[in-house]
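1. Sequence first, predicted model second:
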Amino acid sequence: MAICRCINQPPNGRTKKYVRSVEPLNYEEGSMICGRKDCTNDGLIWLTKDESNDYNNGLKIFSFDSAVCKVKVK
């Protein structure tokens, strides 16, 4: 499952290994904010290896672990 973190605080891979980041639609316009506590930077969408492969094959919508929403990426 994807995760949203800013460029300055990438995920540390405690439970999953993230291999790349992609920009959500409207990046730098406040569409997604980093999920770290007390961080208000614009967030990138970090993908696992399987999600990265899906992205390479044209998938543009990803889910987060919490299932509260999905995100569309560029």
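-> Received, thanks.
2. what distance separates the start and the end of stretch 26-43?
-> Between the opening and closing residues of stretch 26-43 lies a distance of 11 Å (CA to CA, to the nearest Å).
3. hey, what's the most centrally placed residue in the chain bridged with?
-> Per CA atoms, centre = their mean, the C-alpha nearest to the average position across the chain is that of residue 45, at 1.7 Å. Listed beta-bridge partners, residue 45: residue 4, residue 22 (assigned using DSSP bridges).
4. which residues does it contact?
-> Shown in contact with residue 45 (CB atoms under 8 Å, 6 or more residues apart in numbering): 2, 3, 4, 21, 22, 23, 24, 32, 62, 71, 73. All C-beta atoms are positioned from the backbone trio N, CA, C, and that covers glycine.
5. Kindly supply the ChimeraX command isolating those of those that are buried.
-> This is the ChimeraX syntax for the buried subset of these, where burial follows 16 or more other CB atoms under 10 Å:
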select :2,3,4,21,22,24,32,62,71,73
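6. how far away is the residue nearest to the centre of the chain from residue 5?
-> 9 Å (CB to CB, to the nearest Å).
7. which residues are common contacts for these two?
-> residue 21.
8. Residue 21 and residue 8, how far apart?
-> The spacing between residue 21 and residue 8, counted by CB to CB, is 12 Å.
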